[in-house]
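Novice: Prediction below, plus the sequence it came from.
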Amino acid sequence: MRVHLIAMGGAVMHNLALALQKIGHNVSGSDDEIYNPAKDRLEKAGLLPEKFGWFPEKITPELDLAILGMHARADNPELLRAQEIGVQVMSFPEFIYKQSKDKKRIVVAGSHGKTTTTSMIMHVLRNVGVDFDYLVGAQLEGFETMVRLSDAPIMVIEGDEYLSSPIDRRPKFLHYRPHVAVITGVAWDHINVFPTYQEYCHQFELLIQNMESDGNLFFYGPDKDLNQIVIRSSSDIYATPYATLPHKIMYGETVVRTSDRDNFRLKIFGDHNLANLAAAKLVCQTIGIGERAFWKAIQTFTGASKRLQSLVSGEKFSAWLDFAHAPSKAKATVEAVRKLHTERRLIACLELHTFSSLNKDFLPFYKGSLQPADVAAVFYSPHTLEMKKMPPVAPAEIQAAFGKEGLQVFTERADLEAFIKQQDLENANLLLMSSGNFGGMEIPAFVESLT
C-alpha cells in the first residue's frame, strides 16, 4: 500500500511508520514538529519529511490510506484534502484493529500501569518463544520498535482511553475488541475530554461491552469502582479479579515465593508493579505459558523506559525516572520508592505537565500524593499553560492543593536543578516524575552529575 501518516512525529505514529515500512509498504508522512528520538529514527529510515509543516499536495488519489494522528487538528490541510478527494482516512487504533482482526487480541487498559503490564507480557512471550505482534506506549529493551505488524497469530496492545483522532472522538481502546483484556484500575484522568468521573468510568464499561463473546477479563479486585463497572458490564465474558502478589523486600530487592515454594528475585519493585505482574501472569496463562516458565522469564524484566527507570543505583544514592503525572500514579510511585529503602531520605520531584494536572479544579486530587517524601518539589512551566491556553496558576495554589508541609514549587528548570544540588544526597533517593522533561532538563546527564 501507499500510506501517508498525518502527524507522524508522535511516539506511536512514528513507530507505526517504521513498522509499515519494514513489511514493505510505501510510507510518507508530515508533521509541524518532530523531536528526538522520533526525528533521528525517521531520518535513519529515510522517512523524515524534507520540511516540517502540512502539505496538501502530498495527498493524491494514488494513496491507499491516510492515518491520522491525534496531534493534528480537524481543520488540518492534509486531512481536508484527503476528505475532498476521497482518500480513506483512519485513526491509528482503527488501523491496528484492521491489521489484527484475524488474530487473538490481548488489550491492557486502565488509568495506570498499562505500559508496564503490556511490557511484562511482551517480555515473557518473547523469552518463551511465542510469536506475536504488539503496540506499546514506550520503548522496551530488546524490542526495536514500539509497534510490530506481521502474520503472527497474537497481538498485544496497550489500550489507551484517550481519543483516537481529531475526527474520531472514541477512546482508542474501543476499536480493539479484545479476546483477553486487563483493566488495572480507574482513577479520573483526561478531564478535558471526560469532564466527570462518571463519564470517564463509562468508557471502561464500553470497553468490556465491546469484548469478544466468551472473552477473559482480568481486573484489579481491590478497586471498588472497577468492581461495579465489571458487574454492570460483563454479562457474556469471564471476569477474574487479581491483586498485588505477596512479596518481600530483602536488601533492596523484591522477592516473590511461588506456589511451588520457589523464591524468585525480581528487578522491579512497588505494590503497583506486583499487581501489574499478577495481571501479566494471568494473561500468559490464558495462552498456555506455565507458571515456572513465566517466573523464569520475568526475572530478567527491568521495566519500560521512564517507568520507574533506574538512572543511578549506588550504595548511598539512587535515582529513578517515572512517567507518573496523575495523582494516583504519583502516589503509588512515591510509596514504592519509600518502601524500597526506608532507611534513606526520599527527595521527590513532580512535574505538572498535562491539561488535567494544570487544571485548578483538578489540583486538589493531588492532596497527600507526595506525603511519604522527606523533601518534595513540584515543577511547572508557565509556557506550558500558555500553549494549552489555560489560566495562570500561582505557586501558593499548588502548595495548598498538595497539602505537603515544606513543599517547594518551581517554574524555572535552573532553580529546580539548583534546589536538588543543594540537598544532602548522602544516603538518599531521588525520584523524578513527569510525562515531560522538566522544562528541557537533560535528565540522565543531570542525575549523573550528582554522583
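Specialist: All right, it came through fine.
Novice: so which helix or strand takes in the closest residue in space to residue 192 that isn't next to it in sequence?
Specialist: Leaving out its chain neighbours, the residue that sits closest to residue 192 by CB to CB, 6 or more residues apart in numbering is residue 355, at 4.5 Å. Placement of C-beta: from N, CA and C, glycine included. For residue 355, there is no enclosing helix or strand under DSSP states H and E.
Novice: any idea how far residue 355 is from residue 162?
Specialist: 11 Å (CB to CB, to the nearest Å).
Novice: Also residue 141?
Specialist: From residue 141 to residue 162 the distance is 26 Å (CB to CB).
Novice: for residue 81, same thing?
Specialist: Distance from residue 81 to residue 162, by CB to CB: 26 Å.
Novice: Also residue 11?
Specialist: For residue 11, the distance to residue 162 - CB to CB - is 12 Å.
Novice: now do residue 142
Specialist: Counting by CB to CB, the gap from residue 142 to residue 162 is 27 Å.
Novice: tell me the contacts of the spatially closest residue to residue 349 that is not a sequence neighbour?
Specialist: For residue 349, ignoring the flanking residues on the chain, the nearest one in space by CB to CB, 6+ apart is residue 377 at 4.6 Å. Residue 377 makes contact with 347-350, 407-410, 416, 419-420, according to CB atoms under 8 Å, 6 or more residues apart in numbering.
Novice: Is it correct that residue 377 falls within a strand?
Specialist: Yes. Assessed by DSSP: H, G, I helix; E, B strand; the rest coil, residue 377 belongs to a strand.
Novice: quick one: the helices in the stretch 151-300 of the chain?
Specialist: Under the criterion DSSP state H, counting those that start in this stretch, the stretch 151-300 of the chain contains helices at 197-209, 224-233, 271-286, 291-298.
Novice: so how far is residue 109 from the residue nearest in space to the middle of the chain?
Specialist: By CA atoms, centre = their mean, the chain has its centre lying nearest to residue 115, at 4.6 Å. From residue 115 across to residue 109, the span is 11 Å (CB to CB).
Novice: now swap in residue 426 and tell me
Specialist: Relative to residue 109, and taking CB to CB, residue 426 is found at 42 Å.
Novice: Have a look at these two and say which one is more surrounded.
Specialist: residue 109 (30 against 9; other CB atoms under 10 Å).
Novice: who's in contact with that one?
Specialist: Contacts of residue 109 by CB under 8 Å, 6+ apart are 159-161, 173, 181-184, 204, 207.
Novice: And the contacts of the worst-scoring helix or strand of the chain on mean pLDDT?
Specialist: Least confident helix or strand, the chain: strand 248-250 with a mean of 83, by mean pLDDT, DSSP states H and E. Here strand 248-250 makes contact (CB under 8 Å, 6+ apart) with 254-255, 269, 339-340.
Novice: and residue 72, that's in a helix?
Specialist: No. Secondary structure of residue 72 (three-state DSSP): coil, not part of a helix.
Novice: How much space separates the residue nearest to it when sequence neighbours are not counted from residue 92?
Specialist: Nearest non-adjacent residue to residue 72, counting by CB to CB, 6+ apart: residue 7, 4.1 Å away. According to CB to CB, residue 7 and residue 92 sit 10 Å apart.
Novice: Now for the two: what residues contact both?
Specialist: Counting by CB under 8 Å, 6+ apart, the shared contacts of residue 7 and residue 92 are 13, 68-69.
Novice: Just give me the closest of the residues you listed to residue 445.
Specialist: residue 13 (27.6 Å; CB to CB).
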